[in-house]
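Colleague: I'd like to go over a predicted model; first the sequence, then the structure.
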Amino acid sequence: MTACGGAYSPEVRRKYFISGPQWAAAYNGSALFHAPTRPAIGFEEVIRKYGEIGVQYWCTHDTDVIATSALGRPEQAEILGRIKAALDKYGVRCSMVTAETFYDAVWAAGPAAESPDVREYAKFRVRNNVEIGHELGANFAVYWPGSLGYYVQGAVEETSTLRWYAEALNAACEHDIEIARRKNRPTLKHCLEAKPFEPQAEILLPTSDAMLAFISSGLLTHPEMVGLNPEYLHELMWGAAPRAVLARALLAGKLFHLDINDGYRLKHDVDIGVGLVNPLDWLNVLILLRSHNYTGPFNLDYKPPRTTSQFGVFEVSFPTAVDRFITLWEMAGEAIADPIIKEATDALKAGGAPSGDPRAGQGDAQAITAAHRELLTLHELIAHRLVQILIGAHRGRVFSIG
Ligand code: XLS
Ligand code: MG
Ligand code: MG
């Protein structure tokens, strides 16, 4: 790490709204075909390490820190007390809480199952999650409806399931309004997170765009409180251009929260650290977000690889993920201010050079095409310039020629 250089200090890292999930740091390497490679680790240790690294915010699933059987019971208050003490001690803040509605056997038929008991229990879980959020000082609640789907078709009636799912979200929002009033705090931002597949074969809200439609479907009693937590890789998984997904969310005013990571198109949820696979795409994503003044959290929802040791998780994995993000964010600023990109972009917006051919302004397709032919070469020039900024090639790098 020392030989690599280029690390930011914890003070610099703390200036960014970067959050570290409990589950990311505690990921032990297990998967469907994989045994764990790392030991279990609790929230005190994770929060302490985030504090040392300079990850200013921490977030968690309810069941990452509280056993399912203890939720809503006196033990919950005791654990929340310990979490608050750890956050205070290590100078870390809780940004977000999320209810686990996918893992436990109770969710076998999903959180919006046919059974009224399951649905009542789902409402309890999301309301309780809102309480946890207010207690820990969070401003965001995330919902990943991973089990809202099925393996076999026909048994589940999709429109009823979606209505029932909306009822759970409505319960969370209504409870939030009550608690926020009581505690004199702002209500939480409720963020839906889409993933196209996994763990179900078919997911009822598989993409961020499906969720935007769901938010404005009329089923939600407080659509203004509900937005998105897109995850970069989840959009790649269905073959989308993440930057275009984010642009649509920005236009809808619904980009509340963002899970940052990396991976491959049309593959499963490998949750690789941000920028390790698609740094150029990430640079472009951050250019979009910087130029639209996105101020929400950047949540490090990735998994330190199974080949990384427990020591390596905090000495290599998290600090390098944070630092790649900051470097890309800085480069995004550089790209936005770059005089060459600016000149090229302005020229494109000004439109084809007046060739003196008055037909161009009169709707003549041929004349318009001719007026833009040379100008449109700038698209490729801009792409080249972005790669130059990414790899530092414009700084006069020489390797074999000299
Ligand atoms: C799973 C999701 C999950 C959410 C929070 O694929 O990314 O980790 O972010 O439940
Ligand atoms: Mg993921
Ligand atoms: Mg996620």
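Modeller: It's in. Ligands and ions are numbered 1, 2, ... in the order given.
Colleague: which residues does Ser30 contact?
Modeller: Taking C-beta atoms under 8 Å, 6 or more residues apart in numbering, we find Ser30 in contact with Pro36. Every C-beta, even on glycine, is put in place using the N, C-alpha and C of the backbone.
Colleague: so where do the strands sit in the stretch 201-350 of the chain?
Modeller: 202-203, 226-228, 258-259, 298-299 (DSSP state E, counting those that start in this stretch).
Colleague: typed the wrong thing, it's the stretch 1-150 of the chain
Modeller: 18-21, 57-61, 93-98, 140-143, 149-150.
Colleague: tell me the contacts of the residue of the stretch 101-250 of the chain found nearest ligand 3?
Modeller: Across the stretch 101-250 of the chain, the shortest distance to ligand 3 (C-beta to the ion) belongs to Glu231, at 4.1 Å. Applying C-beta under 8 Å, 6+ apart to Glu231 gives the contacts 193-195, 258-259, 261, 301.
Colleague: where do the helices sit along the stretch 251-400 of the chain?
Modeller: 279-291, 310-312, 318-337, 339-350, 365-372, 378-391 (DSSP state H, counting those that start in this stretch).
Colleague: dump these to TSV, plus mean neighbour count, mean pLDDT and distance to Ile132.
Modeller: Shown next, in TSV, are the helices of the stretch 251-400 of the chain (neighbours: other C-beta atoms under 10 Å; pLDDT from 0 to 100; distance: least, C-beta to C-beta, whole Å):
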stretch	mean neighbour count	mean pLDDT	distance to Ile132
helix 279-291	19	98	28
helix 310-312	14	98	27
helix 318-337	19	98	24
helix 339-350	13	96	45
helix 365-372	14	90	56
helix 378-391	15	97	40
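Colleague: quick one: secondary structure of the residue of the stretch 51-200 of the chain found nearest ligand 2?
Modeller: At 6.5 Å from ligand 2, Lys195 is the closest residue in the stretch 51-200 of the chain, using C-beta to the ion. Three-state call for Lys195 (DSSP: H, G, I helix; E, B strand; the rest coil): coil.
Colleague: please list the residues of the stretch 151-300 of the chain that sit near ligand 1.
Modeller: 193, 195, 231, 259, 269 (C-beta under 6 Å from any ligand atom).
Colleague: re the thing from before, adding mean pLDDT and mean neighbour count, write the strands of the stretch 201-350 of the chain out as a markdown table.
Modeller: Shown next, in a markdown table, are these (pLDDT from 0 to 100; neighbours: other C-beta atoms under 10 Å):
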| stretch | mean pLDDT | mean neighbour count |
| --- | --- | --- |
| strand 202-203 | 96 | 18 |
| strand 226-228 | 99 | 26 |
| strand 258-259 | 99 | 25 |
| strand 298-299 | 99 | 24 |
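Colleague: those: which one's closest to Ala7?
Modeller: strand 298-299 (17.8 Å; C-beta to C-beta).
Colleague: hang on, Ala7 packs against Met1?
Modeller: Yes. Ala7 lies in contact with Met1 (C-beta atoms under 8 Å); the separation is 7.0 Å.
Colleague: what touches both of the two?
Modeller: Joint contacts of Ala7 and Met1 (C-beta under 8 Å, 6+ apart) are Pro319.
Colleague: which residues does the residue in the stretch 301-402 of the chain that ligand 3 sits nearest to contact?
Modeller: Going by C-beta to the ion, ligand 3 is nearest to Asp301 of the stretch 301-402 of the chain, at 3.8 Å. Going by C-beta under 8 Å, 6+ apart, Asp301 touches 21, 24, 231, 259-261, 271.
Colleague: how about Phe102?
Modeller: 111, 144-147, 199.
Colleague: at 7 Å what do you get?
Modeller: 144, 146-147, 199 (C-beta atoms under 7 Å, 6 or more residues apart in numbering).
Colleague: now the longest helix seen in the chain: average pLDDT?
Modeller: Criterion DSSP state H: the longest helix present in the chain is helix 158-183. Across helix 158-183, pLDDT averages out at 98.
Colleague: how about the CA coordinates for the helix or strand that that helix is followed by, as PDB?
Modeller: Where DSSP states H and E defines the elements, the next helix or strand beyond helix 158-183 is strand 189-192. These are the backbone C-alpha positions of strand 189-192, laid out as PDB (Å, rounded to 0.1, in the frame of the first residue of the first chain):
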ATOM      1  CA  LYS A 189     -35.900   9.400   2.300                       C
ATOM      2  CA  HIS A 190     -37.300   6.000   1.300                       C
ATOM      3  CA  CYS A 191     -35.200   4.500  -1.500                       C
ATOM      4  CA  LEU A 192     -36.100   1.500  -3.700                       C
END
